[in-house]
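> Turn this into a structure:
(chains A and B)
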Protein chains: 2
Amino acid sequence: MSETLYSAQSRPLLVVISGPSGVGKDTVLQRMKERQLPFHFVVTATTRAPREGEVHGRDYFFVSTDEFAALIESDELLEYAHVYNDYKGIPKQQVREALASGQDVIMRLDVQGAAKIRQLTGGGAALIFLTTTSEEELVDRLRARKTETPEGLNLRIATARKELERLKEFDYCVVNHDMSLDDTVDKIIAIIESEHSRVSPRVVNL
Amino acid sequence: MSETLYSAQSRPLLVVISGPSGVGKDTVLQRMKERQLPFHFVVTATTRAPREGEVHGRDYFFVSTDEFAALIESDELLEYAHVYNDYKGIPKQQVREALASGQDVIMRLDVQGAAKIRQLTGGGAALIFLTTTSEEELVDRLRARKTETPEGLNLRIATARKELERLKEFDYCVVNHDMSLDDTVDKIIAIIESEHSRVSPRVVNL
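Got it, this is the predicted structure:
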């Protein structure tokens, strides 16, 4: 009995952190990294060129289009997307290795990507949906970014509204209040700890 | 969308803390109370006489056999058991009131009692199973109590072994290490926090 129990509790967990555009996924991930938690944060592979200050292997794996195509062909991407003119995706091998080393793996994905992981793993990953206290707050945050044309902004707002409706496809929902990033991170940590106490742990095979 | 979300996250939770005889349920509850957590700890009704130092309403509700019978007849006990020559049970009204006031409710029950709550609420309560690192450790702890005859001890060990097998009926399992009571309490708190982040919250109707 105790052996069954222990293999369950020591099984590393795959965690997806998602939520609508504008909710603050990157900021939350950034704070998690600053707190030096013992997790493996997935590094995405991308075909786009590095921006100033970005480090290969830390911010992204910068790969050529050919290399990316090879990853797709060998089915070595957990998930990928065509964003603007570039591709980005999550290398399976990286996730496999981190899980094999016993680390919990944290991935940041948009809502569509999270849904794909859910299909692929059949409930084997814990899916966390970040949200705001209200739809209005989300719209306000998108407006405050001021990085887009009015048309671009309207598209983004419409997309974010649609994304909010997909909450039901997730396991957990955490409200990311504007002024309490650490509360958000604490809640995510509690979810991960609690998942390790489940009698029926999630199983992921990649 | 945000209204649905908020009614879910503010819904108070019914938590059952259980586990085999000897695992340290009372000690864990005691430490939780010392930490002044914002939970309602259920006070059991019993027909036995108060022991020295026990306070009515704090340690137990001391009721007469007639009063207890009336609670059974009016279906006002969530769960009850005949222990030695006395009855003890959990008054529904107390749990209803605490939940209605918005508090999470913590109940300490033996494994049989926890299984009854599971049946009664149909998954509406979060069931936590406390265990030891091994079956041997549990047996050692029972032996160390030295409050029983050899026959009584053997019966208790056999019961505890059977109880360990019922882990699968629970939602969560927390190992209560001998020297780390606060770790156990922290894990229980993480489970409760995490339950409040569930997209599909548990619903309990009493």
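> what residues are up against the residue in chain A positioned nearest to chain B?
Nearest residue of chain A to chain B (CB to the nearest CB) works out as residue A:194 at 3.4 Å. Placement of C-beta: from N, CA and C, glycine included. The neighbourhood of residue A:194, defined by CB atoms under 8 Å, 6 or more residues apart in numbering or on different chains, consists of B:172, B:187, B:190, B:191, B:193, B:194, B:195.
> Now do the contacts for the first one.
When contacts are counted by CB under 8 Å, 6+ apart, residue B:172 is found next to A:194, A:197, A:198, A:199, B:126, B:127, B:128, B:129, B:191.
> Does the third one touch residue B:171 like I think?
In this case it means residue A:198. Yes - the pair formed by residue A:198 and residue B:171 meets the contact definition of CB atoms under 8 Å, at 7.0 Å.
> picking that back up, want to try JSON lines for the contacts of residue B:172, with pLDDT as columns?
Formatted as JSON lines, these follow (pLDDT from 0 to 100):
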{"residue": "A:194", "pLDDT": "97"}
{"residue": "A:197", "pLDDT": "96"}
{"residue": "A:198", "pLDDT": "96"}
{"residue": "A:199", "pLDDT": "95"}
{"residue": "B:126", "pLDDT": "98"}
{"residue": "B:127", "pLDDT": "98"}
{"residue": "B:128", "pLDDT": "98"}
{"residue": "B:129", "pLDDT": "97"}
{"residue": "B:191", "pLDDT": "97"}
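> and these as JSON lines, adding distance to residue B:167 and secondary structure?
Compiled in JSON lines, the contacts of residue B:172 are given as follows (distance: CB to CB, whole Å; DSSP: H, G, I helix; E, B strand; the rest coil):
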{"residue": "A:194", "distance to residue B:167": "17", "secondary structure": "helix"}
{"residue": "A:197", "distance to residue B:167": "12", "secondary structure": "coil"}
{"residue": "A:198", "distance to residue B:167": "11", "secondary structure": "strand"}
{"residue": "A:199", "distance to residue B:167": "6", "secondary structure": "coil"}
{"residue": "B:126", "distance to residue B:167": "15", "secondary structure": "strand"}
{"residue": "B:127", "distance to residue B:167": "10", "secondary structure": "strand"}
{"residue": "B:128", "distance to residue B:167": "11", "secondary structure": "strand"}
{"residue": "B:129", "distance to residue B:167": "5", "secondary structure": "strand"}
{"residue": "B:191", "distance to residue B:167": "15", "secondary structure": "helix"}
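> Mind putting those into CSV with distance to residue B:100?
As requested, those are exported to CSV (distance: CB to CB, whole Å):
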residue, distance to residue B:100
A:194, 25
A:197, 28
A:198, 29
A:199, 29
B:126, 18
B:127, 22
B:128, 23
B:129, 28
B:191, 23
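> How about stretch A:179-189, which residues are buried there?
By neighbour count, and taking 16 or more other CB atoms under 10 Å in any protein chain shown as the criterion, the buried residues in stretch A:179-189 are A:181, A:184, A:185, A:187, A:188, A:189.
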